[in-house]
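*Asks:* missing the sequence, but the structure's below:
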Ligand SMILES: Nc1ncnc2c1ncn2[C@@H]1O[C@H](COP(=O)(O)OP(=O)(O)OP(=O)(O)O)[C@@H](O)[C@H]1O
């Protein structure tokens, strides 16, 4: 029996088999009419209409046209979208679709600014034909804003256009490519925006070669214009003249790629080229960084800048509308010592890692900027490959002492760098490399301890800082770059004279607006990976996300409403129904072979849940040995399938066994924390098993402020394409006899505890002494060795800061624990003091127990 599919549906805006236009799109009637007369059978084969059917279709079409003519929608369109603008989104109905718009996947919004952000917006139909090629183009010329499953949104910015220029594209190339992919043509406003930003950007380059700065331009006219400016002219090196020469602009082959290993291009695993209708191979080749022999060499005009005048030239170039970009010509740097470092032969970088690096080394020179890859996608290897490419001294800055050792180990794991060529600068270890060039790994806080700083700098630290200052560094790698505030970065820049900077992060976002600082401090975002694409390729796990609504039990909700906001947290975190949901999910996933991490920022709730369910937990106060024990058991003991973690487990936790994550209390509306936590299960070992999914549950107490926070927290992940399902009811929850808090007495006791503790414990954890060395890639035992070696304590900045809400997320102050211990041990009255402290503690515990008992009785009486 044939299934009728009339193309009139399409005119009415409904979906058809042939095309999937954007919801508000309407093809011009002539195009629709020519398409209108067919039907398809169950196999999908087209069948011709007979005359009667054609007549009926025409009548329906006429009716729809009449309706559209009279409808309010057609009025909006004819009024040139005067009102639709009020709704924020672009209405494409007034745009004329191209004849073959079905083969073209992008919509371009003509508006250069929508009030909140600048730059034209592009919407990509990720399901349409040519979407893969259009994605290649858009990731090269625009910034991804949001990439859910079917419709992706991008935006042009000055920086994204500059990044496009740096891989050899020109303004005309960009417009021509857009024209090919666009359904409606490139609006004039957008062309103007592209020309304006590509005409000047990249025309002037400040190149660092052999420790001397040069101004470089492609055309003589621009260099003459610069020299006519009195300020720039005065910054020219004494006796320097304009030199004209040829420079190599071809991208060098990135190590660790198949190309580097001499494999043929034909064997490359890349996005398939499925479309013969679009023929601009040259543009596509540029996007894919393929060989383009014509562009290998280019003529340039240069003059040298006088020592110390680089900043002035840069500022003046900006002033006269010719912003200069900085490049490091490392291949021709004969002054700085060569570092013998290569990736090990067996190291193979992944296609997205190669793509990210090709943006950095697009024309054979090093450009500073930021690479954004999801947690667990291998940022470390990207940094190491960049180091192997530059082959000069490298400095790596991380957020904690633990990461310092991880980076040093990863260098040894992936590259052939010699042990003696790796220097470490942390609170507990200060080791220089022996040769002229090497790799130094340190923390932001160590490196920003300047002589004029607030803290007294120890002698060996000062020695080390002087040594760092006395070197020229080819590349500075900034790990977790989103946490670095401008003032700290300036301090670091004073210490480290780096020719090129690479920032690495998974979440280029903070709840304050400090993230834009990174643009001018480090450089533009060079590459941002698509989380969903990486998941579909098996590089990170596929994750099902769900928000589970947990109604508050009646007695809890009554008390919750009476509390001031600062005390409410404990009520919604300890909601007995939330507890039951958590227990139910744990039972369910354990029985399905999952390993589960439960996260709680609130320590009272963490302990309550973990103790009641008899599961191990780790928080800031847990000793290092205990942490290692818990984690080792989680990894290797089949009876330990669930652990509870406080926020100290948000980052740096490498537990590929974990396949399910449940969040019971979190840091308000922090999008970053949500993404970092999700990152803990993205590395799941079983990610390539057939049909495997990891699970991320966020438990939210219904009708509380937690719901608003939860929506905000999810925003970043939703933009990455994760769909959060809302679960309002768990089947079987009410009938499960094993669940706690099923009877009112038990709930009342819990309520009494919560009331009693709400003053003191309605907070989230302050991270102190967080040493995650045990969680490194080397596994728990590696961690044990390291922690014994380092013996450092780290205290974090304020909590708001840690989530990005303040000026600085974890600023770690490191100090030697052994010294503190010695001080305590040598205290003359040490023993007596400890005895008295124990007595006081015992008395306090007894008082607290008595108060708890009284409160319990009181609540039992009331409910
Ligand atoms: N090209 C590659 N080949 C094989 N393994 C890789 C490759 N790239 C990364 N990995 C592995 O992926 C895992 C995650 O890498 P890494 O720790 O660098 O991720 P990350 O992006 O820094 O994560 P996070 O943001 O959570 O710190 C590591 O076990 C690493 O060895």
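*Replies:* Alright, I've got the coordinates. As the structure is a computational prediction, the values presented were derived from the model and not from experiment.

*Asks:* from the chain, which residue is nearest to the ligand?
*Replies:* residue 378 (2.6 Å; C-beta to the nearest ligand atom). In this view, the C-beta of every residue, glycine as well, is placed from N, C-alpha and C.

*Asks:* Any idea how many residues pack against that residue?
*Replies:* For residue 378, the count of nearby residues is 22 (other C-beta atoms under 10 Å).

*Asks:* now swap in residue 246 and tell me
*Replies:* Using other C-beta under 10 Å, residue 246 is surrounded by 10 other residues.

*Asks:* That one in helix, strand or coil?
*Replies:* Classification of residue 246 using DSSP: H, G, I helix; E, B strand; the rest coil returns strand.

*Asks:* Return the residues of the stretch 551-700 of the chain in contact with the ligand.
*Replies:* Proximity of the stretch 551-700 of the chain to the ligand is confined to 679, 683 under the rule C-beta under 6 Å from any ligand atom.

*Asks:* any idea which helix or strand carries residue 216?
*Replies:* Per DSSP states H and E, residue 216 falls inside strand 212-217.

*Asks:* Can you report phi and psi for the nearest residue to residue 446 once chain neighbours are set aside?
*Replies:* Distance criterion C-beta to C-beta, 6 or more residues apart in numbering; nearest residue to residue 446, sequence neighbours excluded, is residue 425 at 5.5 Å. Main-chain dihedrals, residue 425, degrees, to the nearest 10: phi -130, psi 100.

*Asks:* do the same with residue 578
*Replies:* Per-residue torsions, residue 578: phi -60, psi -40 (degrees, to the nearest 10).

*Asks:* these two touch, right, it and residue 664?
*Replies:* Yes - Residue 578 lies in contact with residue 664 (C-beta atoms under 8 Å); the separation is 6.3 Å.

*Asks:* Common neighbours of those two, please.
*Replies:* Common neighbours of residue 578 and residue 664, counting by C-beta atoms under 8 Å, 6 or more residues apart in numbering, are residue 699.

*Asks:* Tell me the residues of this protein that contact the ligand?
*Replies:* Residues of the chain lying close to the ligand (C-beta under 6 Å from any ligand atom) are 348-350, 353, 373, 375-381, 506, 679, 683, 777.

*Asks:* For those residues, work out which two are farthest apart.
*Replies:* For these, the maximum inter-member distance is 23.0 Å, found between 348 and 679 (C-beta to C-beta).

*Asks:* Comparing those two, which residue is more hemmed in?
*Replies:* Using other C-beta under 10 Å as the criterion, residue 348 and residue 679 rank with residue 679 on top: 20 against 16.

*Asks:* Packing partners of the host helix or strand of that one?
*Replies:* Element membership of residue 679 [criterion: DSSP H and E] is helix 671-682. Contacts defined by 3 or more C-beta pairs under 8 Å, 6 or more residues apart in numbering; DSSP states H and E place helix 671-682 against strand 543-550, strand 596-600, strand 660-665, strand 694-701, helix 705-719.

*Asks:* buried ones in the second one?
*Replies:* The one in question is strand 596-600. 596, 597, 598, 599, 600 (16 or more other C-beta atoms under 10 Å).

*Asks:* what's near enough to touch the residue lying closest to the fourth one once chain neighbours are set aside?
*Replies:* Beyond its immediate neighbours in the sequence, the residue positioned closest to residue 599 (C-beta to C-beta, 6+ apart) is residue 663, lying 4.8 Å away. By C-beta under 8 Å, 6+ apart, the contact list for residue 663 reads 598, 599, 600, 677, 696, 697, 698, 699.

*Asks:* Can you tell me which one of those sits lowest on pLDDT?
*Replies:* Among the contacts of residue 663, residue 677 carries the lowest pLDDT, at 86.

*Asks:* Run a quick neighbour tally on it.
*Replies:* When neighbours are defined as other C-beta under 10 Å, residue 677 has 27 of them.

*Asks:* what do you get for residue 850?
*Replies:* Neighbours of residue 850 under the rule other C-beta under 10 Å: 10.

*Asks:* what about it, helix or strand, and which?
*Replies:* For residue 850, the element it lies in under DSSP H and E is helix 830-862.

*Asks:* Tell me if I'm right that residue 481 and residue 501 touch.
*Replies:* No - Residue 481 is beyond contact range of residue 501, at 9.0 Å (criterion: C-beta under 8 Å).

*Asks:* Overlap of the contact sets of these two?
*Replies:* Listed as contacting both residue 481 and residue 501 by C-beta under 8 Å, 6+ apart are residue 522.
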